[in-house]
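In: I'll drop the sequence and a predicted model, then ask my questions.
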Amino acid sequence: MKKMAVRRWALLAVAGALAACAPRGGYVTVDGAMLGTTLHVTGDVTGCDRGELYAAVMELDGQMKASMSIFDETSLLSRLNRNETDSVDRHIVRNLALAERVSGLSGGRYDVTVKPLVEAYGFAGHEREAQVNVDSILRFVGHEKIRVRGGRLVKDDPRVQIDLNSIAKGYAVDRVAELLERCGARNYLVDVGGEICCRGVNSQGNPWRVGIETPFDGNMSEGDYVSVRVRLNDGAMATSGNYRRFYIDAEGRKVAHTIDPLTGRSAVSGLLSATVVADSCILADALGTMFMALGEDEALALAGRMEGLRACFILSDGSEGYRVWYTPAMEAMVMRDDE
């Protein structure tokens, strides 16, 4: 990785954090579903009641799906992928801009144009192909093949397709956090499918405590098995891993949903999960996926060069156990067993 790519990290990581303030009054809590996964929101909102907050979050859910869902054939992104339109909305513009910067940081190993590959391997709502023709598909995969000009998506090849699943959930978390702040909250936590943004303190006046799941294959427990717990006052956290969405092919090989866009193959390595804490959940989401696509050796090397990065990698120990690696900034946030 060139030094220039590492310097781009400084453009992504915005320094500084807001001081935590004591909770005022009761906390409002909303639970439900968003983007096809779990939703948990709690905070000291003052400008709306529980019903109004839930309705506003559901309206936002609808906006996100109508814009960026690859599973909804009527969404704007689906129509862009079918070349029925080239007009983009503000949500897609923001996601593509951040994705392009992370693509540059990773030397192209993070790439939102992997949809044809993800689909061929059976991870985009389609039946997987018996034999994936990687070389054929790679001709129209590459982040440099798309750009936004004057509010329109420009493709180098009409067969290029975009999958924002690696970033859209983090983006939605950030939008819910903004909604809570507009409702007067200064202390809150947003959790959409395990991707988190929080500010201030919980209802007991303590820092928020969030867990990093144990990445064993098939762990669908949503928090029952936790390897690491961290304190989080102000920031966002996202975890990427290959322990839920995968299958074993006819040759007995594990095929996971994280795809290396340079090789066209499933990115399976000793890196089992990558957790990143950042100032925004969209950034944490993208970086976590980036590290998984890089694989164990390259992820460790790049993370070690990114000054101030808050990251936790859970890696295979070579047998049936795990080992945990932290950046120094992340290790300072980790809670002890007796806390």
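Out: Now that the structure is in, tell me what you want to look at. Note that the coordinates shown come from a computational prediction; the quantities given were computed from them, not determined experimentally.
In: Contact partners for residue 313?
Out: When contacts are counted by CB atoms under 8 Å, 6 or more residues apart in numbering, residue 313 touches 271, 273-275, 291, 296, 299-300, 303, 324-326. All C-beta spots, glycine's among them, are computed from the backbone N, C-alpha and C.
In: of those residues, closest to residue 31?
Out: Nearest to residue 31 among those: residue 275, at 23.1 Å, using CB to CB.
In: what's across from the closest one in the sheet?
Out: On the basis of DSSP bridges, residue 275 is bridged to residue 239, residue 312.
In: Just give the number of residues close to residue 321.
Out: Neighbour count of residue 321, defined by other CB atoms under 10 Å: 8.
In: May I have the phi/psi pair for residue 197?
Out: When read as degrees, to the nearest 10, the backbone of residue 197 gives phi -140, psi 130.
In: Which residue is the nearest non-sequential neighbour of the residue sitting nearest the centre point of the chain?
Out: What sits nearest the mean C-alpha location of the chain, by CA atoms, centre = their mean, is residue 285, with 2.3 Å. Using CB to CB, 6 or more residues apart in numbering and skipping residues adjacent in sequence, the residue nearest residue 285 is residue 170, 2.9 Å away.
In: SS state for the one you found?
Out: helix (DSSP: H, G, I helix; E, B strand; the rest coil).
In: Hmm, residue 238 and it touching each other?
Out: Yes - if you go by CB atoms under 8 Å, residue 170 and residue 238 touch, sitting 5.4 Å apart.
In: Flag every buried residue along stretch 103-110.
Out: Within stretch 103-110, the residues scored as buried using 16 or more other CB atoms under 10 Å are 103-106, 108-110.
In: Between residue 170 and residue 238, which contacts overlap?
Out: 195, 281, 284-285.
In: Just the ones in strands from those, please.
Out: Those of these mapping onto strands are residue 195, per DSSP state E.
In: which of the shared contacts of residue 170 and residue 238 sit farthest apart?
Out: With CB to CB as the measure, no two of those lie farther apart than 195 and 284, at 7.5 Å.
In: Which one of those two is surrounded by more residues?
Out: residue 284 (29 against 25).
In: which sections of the chain are below the confidence cut-off?
Out: Within the chain, the stretches with pLDDT under 70 are 1-25, 124-130, 216-225, 243-257, 338-339.
In: Where is the longest helix in it?
Out: Ordering each helix of the chain by length in residues (DSSP state H) puts helix 50-68 first.
In: which strands and helices sit next to it?
Out: strand 28-34, strand 37-43, helix 76-81, helix 90-105, helix 168-182 (3 or more CB pairs under 8 Å, 6 or more residues apart in numbering; DSSP states H and E).
In: what about 10 Å?
Out: Applying 3 or more CB pairs under 10 Å, 6 or more residues apart in numbering; DSSP states H and E, we find helix 50-68 packed against strand 28-34, strand 37-43, helix 76-81, helix 90-105, helix 168-182, strand 188-192.
In: Tell me the buried residues in it?
Out: Those would be 53-54, 56-57, 60-61, 64-65, 67-68, for helix 50-68 by 16+ other CB under 10 Å.
In: For these, give me CSV that also has distance to residue 229.
Out: Formatted as CSV, those follow (distance: CB to CB, whole Å):
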residue, distance to residue 229
53, 27
54, 28
56, 30
57, 26
60, 29
61, 28
64, 29
65, 32
67, 34
68, 31
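In: which residues touch residue 131?
Out: residue 120 (CB atoms under 10 Å, 6 or more residues apart in numbering).
In: Swap in 8 Å and give it another go.
Out: Neighbours of residue 131 in contact, by CB under 8 Å, 6+ apart: none.
In: got a list of what the residue nearest to residue 285 touches?
Out: For residue 170, the contact set (CB under 8 Å, 6+ apart) comprises 195, 236, 238, 280-286.
In: List the ones among those that fall in helices.
Out: Counting by DSSP H, the contacts of residue 170 contribute 281-286 to helices.
In: Pipe these into TSV and attach distance to residue 99 per row.
Out: Output for the ones in helices among the contacts of residue 170, formatted as TSV (distance: CB to CB, whole Å):
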residue	distance to residue 99
281	14
282	9
283	10
284	13
285	10
286	6
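In: nearest to residue 263, of those residues?
Out: Using CB to CB, those come closest to residue 263 at residue 286, 19.7 Å.
In: Quick one: residues contacting the closest residue to that closest one other than its chain neighbours.
Out: Using CB to CB, 6+ apart and skipping residues adjacent in sequence, the residue nearest residue 286 is residue 102, 4.4 Å away. Contacts for residue 102 (CB under 8 Å, 6+ apart) come out as 12, 110, 283, 286-287, 290.
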